[in-house]
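K.L.:
Fold the following.
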Amino acid sequence: MRTLITGGAGFVGSHLCERFLGMNHEVICVDNLITGSLANIEHLRGDSRFSFIRHDISHHLEIDGPIHQVLHFASPASPVDYLQHPIPTLKVGSLGTHNTLGLAKAKNAAYLLASTSEVYGDPERHPQSEEYWGNVNPIGLRGVYDEAKRFAEAMVMAYHRCHGINTHIIRIFNTYGNRMRLDDGRVLPNFMGQALRGDPLTVYGDGSQTRSFCHVDDLVEGIARLIGTDFHEPVNLGNPSEVTILEFASEILALSGSKSSIVYKPLPQDDPKIRKPDISRAKNLLGWEPKIGRSEGLKRTLDHFKKKMGV
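P.N.:
A predicted model of the protein is given here:
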């Protein structure tokens, strides 16, 4: 099997490269390194089955030989990143999806799109199931990411219906683990970095908004299972264990032993108030549910950040 992964030098993408190499695939990693890092894949580059192509998938890419699977994970994924790169975010969701679907069509390959829980926007239904159409502000600051992913999903379904491509869509909820960037702006690396430095933990709003955190190893397992199916509609992958941001801050402080205080800042525009996946479809279709509890996953991730920061 020969698998191509866009965004393969990113946080989730690099774990996928490992997973498919572990399944004895030849893996082609494509990344323009806007938010990815060669450090994430350095340990793979001595493997003869692994190759890296530095390329912006928003532009056409030719690949010689067969491709059996295409996984499209290229995109800035944190608010800090997509607010800094709004137009590349829109391009990789539209042109990048078009190019990777064209490659899958030419190679008769299975295709998987990394979509996001952000397609649900600031949801009016809780928990969020795949049938929910969402509550998204298309012209808000977050719209560049939310609408890029919604458009990408529409294009994937169009290619499936018109060209018969074996497509799959995952909607990723908050995911964490080794290789997250400390500066990516998401709540978990923010809190852990602040706690380890002894800085105040920044809570936006009153901290009553909720999130559900899934360890990257669980996510990768769900992805590997889904791409082997003939199911084509979106599938939520996330951990339904819901926690308020204020409770989460307290967990990080207790785990790290930090004496940091908590400071409050205004809630960003269109920041979701609630976020929890309904994973009934993944359970029924894939026999999948998260195995790594938050306490264990956070400990692993804190150890990773400690090593990274030299503390």
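K.L.:
Got the phi and psi for Leu61?
P.N.:
With angles defined as degrees, to the nearest 10, Leu61 sits at phi -130, psi 130.
K.L.:
how long is stretch 123-133 end to end?
P.N.:
End-to-end distance for stretch 123-133, by CA to CA, to the nearest Å: 9 Å.
K.L.:
Kindly report the same for stretch 208-215.
P.N.:
22 Å.
K.L.:
Give me the distance between it and the centre of its chain.
P.N.:
14 Å (CA atoms, centre = their mean, to the nearest Å).
K.L.:
quick one: secondary structure of Ile170?
P.N.:
Following DSSP: H, G, I helix; E, B strand; the rest coil, we place Ile170 in the strand state.
K.L.:
For it, name its beta-bridge partners.
P.N.:
Ala114, Val235 (DSSP bridges).
K.L.:
you'd agree it is up against Gly238?
P.N.:
No. Using CB atoms under 8 Å as the test, Ile170 is too far from Gly238 to be in contact (9.6 Å). For every residue, glycine as well, the C-beta is placed using N, CA and C.
K.L.:
who's more crowded, those two?
P.N.:
Higher neighbour count among Ile170 and Gly238: Gly238, with 28 against 23, using other CB atoms under 10 Å.
K.L.:
Next up, the contacts around that one.
P.N.:
By CB atoms under 8 Å, 6 or more residues apart in numbering, the contact list for Gly238 reads 117, 171-175, 212, 214, 219, 276-277, 279, 290.
K.L.:
can we see that at 6 Å?
P.N.:
By CB atoms under 6 Å, 6 or more residues apart in numbering, Gly238 lies in contact with Phe173, Ser212, Cys214, Pro277.
K.L.:
Next, work out how far apart the nearest residue to it once chain neighbours are set aside and Lys265 are.
P.N.:
Closest residue to Gly238 apart from its sequence neighbours, by CB to CB, 6 or more residues apart in numbering: Phe173 at 2.6 Å. Note on Phe173: its distance to Lys265, by CB to CB, to the nearest Å, is 24 Å.
K.L.:
now swap in Glu242 and tell me
P.N.:
Taking CB to CB, one finds Glu242 at 22 Å from Lys265.
K.L.:
More neighbours: the two, which one.
P.N.:
Glu242 (16 against 9).
K.L.:
Make sure that one is actually in contact with Ser208.
P.N.:
No. Here Glu242 lies out of contact with Ser208, judged by CB atoms under 6 Å, at a distance of 11.9 Å.
K.L.:
quick one, phi/psi of the residue of the chain most remote from its centre?
P.N.:
Distance from the centre of the chain peaks at Lys259, with 30.9 Å (CA atoms, centre = their mean). Torsion angles at Lys259 (phi, psi; degrees, to the nearest 10) stand at phi -100, psi 20.
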